[in-house]
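Visitor: Got a sequence here, can you build the structure:
(4 chains)
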Amino acid sequence: MAFAQFVVNGLLVGALFAAVAVGFALIWGVVDIINLAHGEMVMLGGYASYWTITLVNGSPTASPGLALASVPVAVAVLFVVGYALQRFVVSHVIGTDLFLTLLVTFGLSILIQQLGLQAFSADPRTISVQFAEQSLDIAGLVVPKVKLIAFVGAVALTIALFAFMKRTRTGRAIRAVSQNDEAAALVGIDVEHVRAVTFGLSSAIAGGAGAFVAMILNIQPQMGLIYTLKSFVIVVFGGIGSVPGALVGGLLLGTVEELTAGFVSSKWTLAVSFTLLIVLLVVKPQGLFGEGMGGEAE
Amino acid sequence: MSQPTQQRTESDSDVVLETQGVTKTFGGLTAVDDVDLAVEAGEIVGLIGPNGAGKSTLFNCITGTLTPDDGEIVLHGTTVTGKPEYEIAREGLGRMFQHTRVYGEMTVMRNMLVSAKRDGGIGSVLRRPSEEAREQATELLQYVGLWGLRDVRAGRMSFGQQKLLEFAMALMAEPDVLLMDEPAGGINPSMLNKLIEYIRSANTDREVTIFLIEHNMDFVMEVADRIYVLAHGEKIAEGPPAEIQENDRVLDAYLGRE
Amino acid sequence: MADSNRRSFLKLAGTTGAIALAGCSQQGDNGDGGSGDGATTASSGDSGPQTITLGGTMSLSGDNADLGKLYKQAYELTIQRINDAGGVEGGDGNTYELEMVLRDDETDASKSKRTYQELIDSEGIDYLLGPYSSTVTLPASAVAAKNQKPMVEGGGASPEIFMQDNKWIFGLLPTADKYALSSVDMAKAQSPSAETAALLAEDDTFSQSTAKGVRAYMDNQGVDLVVDESFPSGTSDLSTNLGKVRDSDADILLLAAHQKHAIVMAKQLESQKVNVDMAMATVGSLNQSFKDETGANGDYVYGPSSWAINADFEDPVYGSTSDFASAIESEYGNTPDYHSAAGESVILTYMKAFEQVDELTPTKVRNAIRDIEFTSAYGNIAFDEKGVIDKEMLVYQWQPENGKQIVWPEAVQQSAPVYPMPDWSER
Amino acid sequence: MSERGHYARQMFAFTDDHGWKLLAVLAFVGVVLPFVGLEEGIDMTILVELFLFAILALSWDLIGGQTGYPSFGQMAFFGVGAFTTAILVKDVGVAFPVAFAVAGLLTMLTAGVVGAATLRLRGGYFAIATLGVLLSAQQITRNLEITGGASGKILLDVPSDTVFYWTFLGLLIAEIAVVYYLQSTRFGYVLNAIRDDEGKLTAMGVNTTYYKTAAWMISALFTGLAGGSYSLFNTFVDPNVGYNLAWNVEMIAMALLGGSGTVAGPVLGAFGLHFAVVKIETWFTGWQLVVLGAVVIVTVIAFPQGIVGELRERASSMEYYKHGGQAASESPGGDDGGTDTDANGEHATDGGESL
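Guide: Model (predicted):
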């Protein structure tokens, strides 16, 4: 029973990590940027949702409907933020040395974090979702309602992204750019625009995840780093650049962490996931699911 | 083993490079299928075949980049199959790549010096390159006409210049056998004759046995003493250029008649 | 707080550094700016009142900026009030205005050595304000000792700071190992008396010190520790640990961590169906922002404080504790907590010491601080031989009817604790 | 790595000269300063930090810039060194020089083990694996008894700042000398060739494993020795100080902004950026990180090849055209090959192996 409970805890929170990491993987796969400011997108998404609710209700307490309605706001705001960042900043270092892109996104990360600090103060904030703090009892397992909502929401975001990539013209253009940007340019795709859209999508999904983080946990200007680091682990689990791999990787990371917390001790959770990251890279660099899954969404 | 090997037993002492029944498959597709061939000292041997015939895969098996699923690679009479790539190279096997590869951010001179055959033990690694190496590099650069560019970053030069540099680098290592993957590819016609001259003189003056893949038929027919033909991973013909040009199976393979 | 003089001094210091970098030998003019007891305090020259500059670093950005802000407010307002009232009447007969140079250490312990050295040498500061958080305070206190400058701090509570035989450091917070003790006392005294406890501790210096202190204490008091878990600061979700608490049937839950985790605990107690008689968090559970964010889930949660906002202490600058509280509130719009009060008393400690010395030197001021005894908005200020204030923690509880109430010790309580906390099914 | 980044790493004849001059000036000034009035205090502290960051940037550059293995976890070695001396000096009671030596040895050993596992990975994979090493080292240290756990180690009974001034100065001079010397040897050539095209080098008969492992270990040695001195200098080390994630990025920024793949670049980059950080902290208190973030972004975008690299690329261009450029070895009019260069030549050497 304990085992099942830990797995459930892991999956519930893992879906959020997954939604964050999916964006990270997308931008890595398509634009070839390791975005160290990705965690900050989660943070901004959380605040977008928080302030939307506060604006409507006067306090960060929301009915489940309003809470859910704030998610698209976060998604939209972060899409614009991501699009602009790519267009005006990151595009300058596309295709250069790996570390130049790392430095620029690192610079963005501290810049956004510190501006967030000035704008929002360092106080942690959280959204209270009415009637949703209680738990369901499913076969003896404790399943918090708000986490269930977030779980479904995070998975839905991921699937929406996946469908977007598969079904829409823009999605196809993104895949074309990821496979061969020069060829894509030759067939008339505006590569710069597509990259910016990809950055926007990546940030948007992270922002949506951030809204859910604000509901089930809390948000703070400095919260981003840990999400960026977890995204690294997840992306390695799932295979670098793979969107579906990131989803599975996120669920897996959540589960591994909660099992570690449950059966060993919570103080070892991060040590275990970072060590797993190294081991996996050394033993199976293509990720747990091999190239098969990786190829699809790229 | 298979027949060709036995046929040439009397001349075995002259064979420097030999493949015996080499087979390589990738996920069910057989790229190289039971190929026997032998290159004798002092020869210039061509390897031709339509696209996807398995020529580059065979090269990669010989150099140790890939490990064959079956068969043996014999260099100077010793089996080298399964050895690491760098060890095979040290036994006298040089290689030039299809896409020219030089060390783009190093100067031309350093490209040459780093390609020199290593002499001595660990200590020599921690010393400045020897005078002999410098002289040899100077001579080779003058020979291929790049001496004036010795202090230029190699990646800055034109494709043709890089190709010449790669050739000079290959000679710098003093190989016994040099594998060249499409040396004439991407070179403008005016340079082609120069290249033939360089290859010939390397072969005669420096006693380098040359084994080359080539798509440019005029080029290969002119330069090679002997030619092997691969199609669909199998060896379908071998012989002097004149014979190969007359060979029906070769024509079929190239024209897609089967 | 910056005047033009300081700016130009600073530029000069910058130039010196640049010259050193360029490799020229213009080094003779530094190093004598602030060393030794006889050094003069930075003065604004002319004929105006003399000034004493206090200097230090604070977590103005970085992980603890929320608390760093409280100190900064208290420092600034107190200095302003002192100057408005005519300044400090020095024991040497002069009147001094106070100034302050406050740098940002980002709660980064690798910054404090250089920054404090810079304050001493380049800014000529003789009287140091301590930083926030134990990790930053440790190297900073070593700089103070080495340069023989007193440092009064209201933000570093790890007992290790005061175990180094450092005669120059004075702390206004009870040490971290004491933070959770009075909560245990309280739970022991209730009916039913607490017999088992769960302890969840963040893995930072401060929280680990707190955990260590309370662990030993509970062992001593015969409280059985049934869950004892640490978690990385980066952990965002406590549900598995709270699940352990639920399954262990512990009577009380102690969370040694900061506000971020206090909020997560308050939210997840309900969803994880944890019913304990007492749930307390060591830091961050008593701010108004904690209650604002957690709403009804924050009800009944306990927290320790070294200070009571409604206590009635006399204060030489503000008048009384409540005057101090309302001054901060009207100036900055947020309610002060014990961090603010400790910050205020850092300044007052210096003021009192300056008043008592016949000559303003770091050593004399340090000696005066050792023997100091006065009352401020924070309470009675006096230091033990290690340099720590002798204070016990009060225990507060958020009560749905009355708001935040002192519930322990009984002698000063405003309301009786609602103990046990009601089960979630009954709320 | 490709296009713009690589301009930073060429024309070594030019650097040889630079390294020599830098070494001479630094050694002279560094040694003379204490005799003309440099005393313990803020100037010495800042100088020690400048030396420290120069050591770190140069260490990173040896593996990241010269060898092209983009380490993103170099601070792991700093932490190993820092905690080794902290434990040895405080808990075992050995003298600083002994602890210093042990720290160096232990760091090299660690690098050997880590390198055996990770140096097979390329590009981004290697970067993440090394980041993983740093992060798990930090987490593990946090949970160990011997390292003082989250509370770290307080080290008050340590040598004076002057001792550390000489230690860091000596380390920096030694490192510049080592890197400068290695650049002119076959070893140095091989490292650069590994960066440019490791596959080619292997095909030419070089066992690259030895070379890159050796480079990694030398780089780790200097990082570890710097860490080993720093924990005592700082009088305090905990997992956040020893495995400082901000420094992990700063040292790379310093190397790249100065001009990676050179001797002078990382050293000057470290001096410049750290000095800027010190000033920014004083001038923009509370907003310092905002300014720092903006400075990093703007500098990277404005000078992608680093400051020294910028000078270098100009020198290389002049050299090429001085000797006739493309025409040097090709018959007139035959410029087909030339246009091919950027499309094929560059990508084959630069883009082929990354990620």
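
Visitor: Can you report how many residues neighbour residue C:423?
Guide: Around residue C:423 sit 11 other residues, with neighbours defined as other C-beta atoms under 10 Å in any protein chain shown. Any C-beta I mention is one placed from the backbone N, CA and C, and that applies to glycine too.

Visitor: Same check on the one 4 residues further on?
Guide: Using other C-beta under 10 Å, residue C:427 is surrounded by 12 other residues.

Visitor: check contacts around it.
Guide: Residue C:427 is in contact with C:296, C:299, counting by C-beta atoms under 8 Å, 6 or more residues apart in numbering or on different chains.

Visitor: How about residue B:178?
Guide: Counting by C-beta under 8 Å, 6+ apart, residue B:178 touches B:94-96, B:170-171, B:202, B:208-211.

Visitor: Please repeat the previous calculation with a cut-off of 7 Å.
Guide: Applying C-beta atoms under 7 Å, 6 or more residues apart in numbering or on different chains, one finds that residue B:178 lies in contact with B:94, B:170, B:208, B:210.

Visitor: which residues of the chain score low on pLDDT?
Guide: Chain wasn't specified; assuming chain A. Residues of chain A meeting the criterion pLDDT under 70: A:289-298.

Visitor: ah, I was thinking of chain D
Guide: In chain D (pLDDT under 70), the answer is D:1-18, D:324-355.

Visitor: Around chain C, which positions in it sit nearby?
Guide: Contacts of chain D with chain C, taken as C-beta under 7 Å from any C-beta of the partner chain, map to D:25, D:29, D:32-33, D:36-39, D:41-43, D:45-47, D:49, D:139, D:142, D:149-152, D:154, D:156, D:234-236, D:238, D:240-241, D:244, D:271, D:275, D:279, D:281-282, D:285-286, D:288-289.

Visitor: Please spell out the PyMOL selection for the buried subset of these.
Guide: In PyMOL syntax, the buried subset of those is picked out as below (16 or more other C-beta atoms under 10 Å in any protein chain shown):
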select buried, chain D and resi 29+33+38+39+41+42+43+45+46+47+49+139+142+149+150+151+152+154+156+234+235+236+238+240+241+244+271+275+279+281+282+285+286+288+289
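
Visitor: What about the residues of chain D next to chain C, which are in helices?
Guide: In this view, the residues of chain D next to chain C that belong to helices under DSSP state H are D:25, D:29, D:32, D:42-43, D:45-47, D:49, D:139, D:142, D:240-241, D:271, D:275, D:279, D:281-282, D:288-289.

Visitor: what are the ranges of the helices in the stretch 251-355 of chain D?
Guide: D:264-283, D:288-302, D:307-322, D:336-340, D:346 (DSSP state H, counting those that start in this stretch).

Visitor: Select from the contacts of residue B:178 every entry located in strands.
Guide: B:94, B:210 (DSSP state E).

Visitor: Mark which of the contacts of residue B:178 are buried, thanks.
Guide: B:94, B:170, B:208, B:210.

Visitor: residues touching the residue nearest to the second one when sequence neighbours are not counted, list them.
Guide: To tie it back to what came earlier, the one meant is residue B:170. The shortest distance from residue B:170 to any non-neighbouring residue, by C-beta to C-beta, 6 or more residues apart in numbering or on different chains, is to residue B:94 (4.7 Å). Counting by C-beta under 7 Å, 6+ apart, residue B:94 touches B:170, B:173, B:175, B:177-179.

Visitor: could these go into a markdown table alongside distance to residue D:69, secondary structure and pLDDT?
Guide: Converted to a markdown table, the contacts of residue B:94 look like this (distance: C-beta to C-beta, whole Å; DSSP: H, G, I helix; E, B strand; the rest coil; pLDDT from 0 to 100):
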| residue | distance to residue D:69 | secondary structure | pLDDT |
| --- | --- | --- | --- |
| B:170 | 26 | helix | 94 |
| B:173 | 24 | coil | 91 |
| B:175 | 28 | coil | 92 |
| B:177 | 32 | strand | 94 |
| B:178 | 30 | strand | 95 |
| B:179 | 28 | strand | 95 |
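
Visitor: now these in CSV, with distance to residue C:425?
Guide: Output for the contacts of residue B:94, formatted as CSV (distance: C-beta to C-beta, whole Å):
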residue, distance to residue C:425
B:170, 82
B:173, 81
B:175, 84
B:177, 84
B:178, 84
B:179, 80
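
Visitor: ok, which pair from those residues is furthest apart?
Guide: B:173 and B:179 (12.1 Å; C-beta to C-beta).

Visitor: Would you mind telling me which of those two has more residues around it?
Guide: Set residue B:173 next to residue B:179 and count neighbours by other C-beta under 10 Å: residue B:179 wins out with 25 against 21.

Visitor: just to revisit the earlier point, ok, and of the ones in helices among the residues of chain D next to chain C, which contact chain A?
Guide: Among those, the residues within reach of chain A (C-beta under 7 Å from any C-beta) are D:139, D:289.

Visitor: Might you enumerate the residues of the stretch 201-350 of chain C proximal to chain D?
Guide: C:203-205, C:208-209, C:232.

Visitor: Of these, which are in range of chain A?
Guide: Applying C-beta under 7 Å from any C-beta to those, those adjacent to chain A are C:203, C:232.

Visitor: Pick the one among the contacts of residue B:178 closest to chain A.
Guide: residue B:170 (29.1 Å; C-beta to the nearest C-beta).

Visitor: dump the residue contacts of the closest one.
Guide: Shown in contact with residue B:170 (C-beta under 7 Å, 6+ apart): B:94, B:96, B:178.

Visitor: What does the pLDDT read for the first one?
Guide: The predicted local confidence for residue B:94 comes out at a pLDDT of 93.
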